[in-house]
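> Structure here, sequence nowhere to be found:
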């Protein structure tokens, strides 16, 4: 059985991935939709043409991850696509964030994504696709977004390394790095709408565009997916600075 797995599928980017993959998946028998909200997943599943399996799961719980690992061992599917989309952010100064807020970001954005990758990788074969949801925040440290940006820098670095490691197995790895996107994430991350600056408002992308670009880039074997001119410029500038520094400090 060939399956595609999407984490964070109940809303935002994850939901959009499910809708778009439903229209373009080839030899895939089932879409596995993972998130905490069972009702939202079931509503989404009824709108898809591809057979969908709803898995209500809290990815921050080790017991839940172990249960999911057991399900894979029993079903023994081929995972054609894995989209690690689940994530959380909190926009406020580091000193004002609670221990729970910080640990939630680290647990979901880093630990859960890494565990899901480890769990699913044995079931991915030649031709499989792995999309890791990073962010434009991965390229530069961000004031009042310190932990979130650092967590996405981890995802970006992990994805680039895995891209090299898995190339010989014929598995494509793409780090999806959007700038601001119009999703429910913003309302959750920004407790004060005034903190969402004018520049971010002007460069905000639509979910459908970001996901379409990510799918196209993954199909074309690109290691990084960048949607829109502003995020492309940011990437080019930051990569240029890094290359200069590497040349300056090379032994």
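Yes, it's here. Computed from a predicted structure; not experimentally measured.

> The host helix or strand of residue 5 - contacts with which helices or strands?
Secondary structure from DSSP states H and E places residue 5 in strand 2-7. Under the contact definition 3 or more CB pairs under 8 Å, 6 or more residues apart in numbering; DSSP states H and E, strand 2-7 sits against helix 12-24, strand 30-35, strand 78-84, helix 113-120. No exception for glycine: its C-beta is placed from N, CA and C like everyone else's.

> what ranges of the stretch 101-250 of the chain fall below the confidence cut-off?
For the stretch 101-250 of the chain, applying pLDDT under 70 flags the ranges 181-204, 240-250.

> so where do the strands sit in this structure?
Along the chain, counting by DSSP state E, strands occupy 2-7, 30-35, 51-56, 78-84, 129-133, 172-176, 224-225.

> For residue 23, find the nearest of the ones you listed.
strand 30-35 (11.4 Å; CB to CB).

> Would you mind putting the strands of the chain into TSV with mean neighbour count alongside?
TSV is the format used below for the strands of the chain (neighbours: other CB atoms under 10 Å):
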stretch	mean neighbour count
strand 2-7	24
strand 30-35	24
strand 51-56	17
strand 78-84	24
strand 129-133	24
strand 172-176	25
strand 224-225	21
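
> Now tabulate these in JSON lines and tack on distance to residue 139.
Formatted as JSON lines, the strands of the chain follow (distance: least, CB to CB, whole Å):
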{"stretch": "strand 2-7", "distance to residue 139": "23"}
{"stretch": "strand 30-35", "distance to residue 139": "27"}
{"stretch": "strand 51-56", "distance to residue 139": "32"}
{"stretch": "strand 78-84", "distance to residue 139": "19"}
{"stretch": "strand 129-133", "distance to residue 139": "15"}
{"stretch": "strand 172-176", "distance to residue 139": "11"}
{"stretch": "strand 224-225", "distance to residue 139": "10"}
